[in-house]
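Enquirer: have a look at this fold, sequence not included:
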């Protein structure tokens, strides 16, 4: 019997050993594939970052050309040195600006070029066109900076349009153009990247306007081999090929050697570039793998033990991979969904609305957008608390989702505002029937968990926009206007959008007329909300907040009249008045020993106003306020409307010595490449991220990420809307620098702020 048992154990042990050996061999092969995938991602990331930095340099050169149109090559070279371009970009061989010269202006250009040559002239020190010939137009370098004695140095008369005629196409398209070249008398490949520059810094909307505003090109010359060799550092056995399709033909550059049997991985670098990596990965065969062979031999002696060990190891590894996968999917979901209801957030709703519009244009299918606002939600929050309010919103979200089809979209924009996008078969009975179904299901009383009394009644106001629009924003805007009319009509109903809602609103016209007289009639006034150092809770400054004391309507909140002022351009004189009043009051506090900072909000129209920089300079000078005491707060969305133009204007403001803060940070979308170009001092994290950080792990993680981003960029961080002690403690734990909110102080008038500052000073 024992012999039989031993035999069975031996047979079972050998079988288990074979299984374990096969598992190990496959696991090693999988690890090899994963290592190759990670190496490929790192190589692609290095290339993507280098390409992004090179594009940043091209943008910066364009800004230099806009600001210094008559600069010499010496001045241009000095600017390149100050930027540290050749030190930061080892692959960079040269930076240049290129002018478009019609034949009629050729002689004048030759005289200037001979007086201030960008490179070696032709025989006898004269300007010579290469290649020679009479053409309708030429493209010559006007400013250039090269790395040391770069071998690609050309004479001053090199006609780039003759060697790269697609430059003219890039002028009309507004897109950059890349092409390859070879260093003379060498096999070294070069990559030339040229980008058109237009007057004003942006890209005009039409070809005719682009031609009228065209100034020339900025370009860089890089050594792809250096770039690729840098990307391959730390990845032995990996080869890479870089493909660029942004020009008229595909450009390819390679580095490393691909061995026989290597596998390939292709990664899109965006902007017309693709990276392909090659490497040999391990085999999954048992006898081709040394580890599996050793395990097979040793397992014959210790088969049972090795079987159990292999099982434990494989199970642990599977669990780890599963956990990583689950966390990755969770973070991806959270980025595009509302954390409270699980519905698509504003970004995802807008994306799906754009897709819905595109399908409607292609297939001519009916579509509708329904903007839903919960009636009396503030009463639920104030009466039963935020926890009940959150549960209330979750119930609303579940009911909305139960009415529409799975192919439709239900999203939450924020607060108590929801959106429903319907199309196709859902619209077969008409948008009105869908809206009626939504009203019916949402009218059912809501029962809360816990002892909160009897069920609460519920109703919503729905605005319906039917049919196509140019953009998703227009679709939501029209539905929002209709929802506002539903509110005005008594709530608990739906209203179809009508064009008259935009143009024939008597109340809006009356408010517009009154707003034009408000400044002249001294109806506007400022309140000031203090900001605090979160560690010491000492007052660090105040934020100026405008209010409108309307003679008939009472105090009108800024979210009512500021959008109207943006539309009718009254925001320019109103913003100038706010700036002057805030600087005057800050100077008065400074004179009494309260040397606090003053923050002023800046609108999109103000930032685009040509006289804004001068207005800030005059307000500081007229009131004797130190520039560093003034902070201009600009929202993330405003900055990204025209990032290049905004960067130029912010640099001019920063030159005055004032501080720049990005307001409502995290609610918009910004490219980190552009964010690094903005001369920003502080990030004001939007109040929506503060809410729930003490009770939600996800909200806390998002807040941690935003604060760490600010620290990584060397910026001050300030949390808005702090209303609870738990929120304060969490922000202090995350080492957020400053904060403001009702927990500290509400917006106060001048006398109240003065008393507040006196008390704070006496405590110190």
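Expert: Perfect, I can see it now. From a predicted model like this one, the values you see are computed outputs, not experimental measurements.
Enquirer: can you give me the end-to-end span of stretch 737-745?
Expert: 17 Å (CA to CA, to the nearest Å).
Enquirer: give the buried residues for that stretch.
Expert: Buried residues in stretch 737-745, counted by 16 or more other CB atoms under 10 Å: 737, 738, 739, 740, 741, 744, 745. (Glycine included, C-beta is placed from N, CA and C.)
Enquirer: for it, what is the distance to the chain centroid?
Expert: 26 Å (CA atoms, centre = their mean, to the nearest Å).
Enquirer: and the strand or helix carrying residue 761, what other elements does it pack with?
Expert: Per DSSP states H and E: residue 761 is located in helix 750-763. Judged by 3 or more CB pairs under 8 Å, 6 or more residues apart in numbering; DSSP states H and E, helix 750-763 is in contact with strand 524-533, strand 539-550, helix 571-591.
Enquirer: same thing but 7 Å
Expert: Here helix 750-763 is seen to pack against strand 524-533, strand 539-550 when contacts are counted using 3 or more CB pairs under 7 Å, 6 or more residues apart in numbering; DSSP states H and E.
Enquirer: next, the angle from that helix to strand 539-550.
Expert: Angle, helix 750-763 to strand 539-550, by axes from the mean of the first three to the mean of the last three CA atoms, to 10 degrees: 170 degrees.
Enquirer: what does helix 750-763 contact?
Expert: By CB atoms under 7 Å, 6 or more residues apart in numbering, the residues outside helix 750-763 that reach it are 528, 530, 538, 539, 542, 585, 589, 594, 745, 748.
Enquirer: ok, and the most crowded of those?
Expert: Within those, most neighbours by other CB atoms under 10 Å means residue 542, with 28 neighbours.
Enquirer: what is it paired to in the beta sheet?
Expert: Beta-bridge pairing of residue 542 under DSSP bridges involves residue 530, residue 598.
Enquirer: ok, it touching residue 528?
Expert: Yes: between residue 542 and residue 528 there is a contact at 4.0 Å, judged by CB atoms under 7 Å.
Enquirer: so what are the domain limits for the protein?
Expert: According to automatic domain parsing, the chain comprises the domains 20-302, 346-504, 512-763.
Enquirer: can I get those in CSV with mean pLDDT and distance to residue 340?
Expert: Formatted as CSV, the domains of the chain follow (pLDDT from 0 to 100; distance: least, CB to CB, whole Å):
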stretch, mean pLDDT, distance to residue 340
domain 20-302, 79, 33
domain 346-504, 86, 6
domain 512-763, 89, 8
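Enquirer: is it possible to get JSON lines of these that adds distance to residue 329?
Expert: Output for these, formatted as JSON lines (distance: least, CB to CB, whole Å):
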{"stretch": "domain 20-302", "distance to residue 329": "18"}
{"stretch": "domain 346-504", "distance to residue 329": "15"}
{"stretch": "domain 512-763", "distance to residue 329": "14"}
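Enquirer: out of those domains, flag the one nearest residue 325.
Expert: Counting by CB to CB, residue 325 lies closest to domain 20-302 out of the domains of the chain; the figure is 12.8 Å.
Enquirer: just the element for residue 268, please.
Expert: strand 263-270.
Enquirer: give the buried residues for that strand.
Expert: Of all the residues in strand 263-270, those buried under the rule 16+ other CB under 10 Å are 265, 267, 269.
Enquirer: can you check stretch 624-638 too?
Expert: Neighbour count says stretch 624-638 has 625, 627, 629, 630, 631, 632, 633, 634, 635, 636, 638 buried, by 16+ other CB under 10 Å.
Enquirer: do stretch 137-152 as well
Expert: 138, 139, 140, 141, 142, 143, 144, 145, 146, 147, 150, 152.
Enquirer: now swap in stretch 329-348 and tell me
Expert: For stretch 329-348, burial by neighbour count (16+ other CB under 10 Å) applies to 334, 337, 338, 340, 341, 343, 344, 345, 346, 348.
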